[in-house]
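Asks: fold the following.
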Amino acid sequence: MTSSDGGAFRRMLRRLTSDVDELDADDLEAGAQKSGAQCAAEAACGQEVTMLGRLRSVEFRPQDAEASLEAELFDGTDGVTLIWLGRRRIPGIEPGRTMRVRGRLALRDGHKVLYNPFYEICPANTP
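Replies: Reported below is the predicted structural model:
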């Protein structure tokens, strides 16, 4: 058996024995890297970033004076909260949707946030 056969066997064995969420995170991370997007885990506050990931949740927040639409984007390494101020709903922004976002990274309560990011809704299999 050649070394490439051993690598293929190891990859297959890992796919059979790993948790589904872990495999999904690995696929998201690989797709983001392939597209040239930055990893959320490595992005720093104040940095202009472009990220690719999947929306885990979308929620309308009417609690404060400025209502906002918040969504959590997960790229396989870390989550980033996307916040659109003054919006109740944006067509196409829904859980499970794959998106490419761009903006300046901020911190809110210790969590990474993009306020009013530019966004592109992508097909699910788009890197």
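
Asks: this protein: helices as residue ranges?
Replies: Along the chain, the stretches classed as helices by DSSP state H are 3-17, 20-35.

Asks: for G53, give me its contacts.
Replies: Neighbour list for G53: 28, 32, 40, 73-76, 80, 98-99, 101 [criterion: CB atoms under 8 Å, 6 or more residues apart in numbering]. Placement of C-beta: from N, CA and C, glycine included.

Asks: C122 against G92, yeah?
Replies: No - in terms of CB atoms under 8 Å, C122 does not count as a neighbour of G92; the distance is 10.5 Å.

Asks: low-confidence bits of the chain, can you list those?
Replies: Of all residues in the chain, those with pLDDT under 70 make up the ranges 1-6, 9-36, 63-65, 124-127.

Asks: ok, back up a step: so C122 and G92 - more neighbours on which side?
Replies: Neighbour count, other CB atoms under 10 Å: between C122 and G92, C122 has more, with 17 against 9.

Asks: who touches the more buried one in this structure?
Replies: 52, 98-100.

Asks: would you mind measuring from it to Q47?
Replies: The span separating C122 from Q47 equals 22 Å under the rule CB to CB, to the nearest Å.

Asks: also R100?
Replies: Relative to Q47, and taking CB to CB, R100 is found at 16 Å.

Asks: quick one, which of those two is more surrounded?
Replies: Just comparing R100 and Q47: by other CB under 10 Å the higher neighbour count belongs to R100, 19 against 12.
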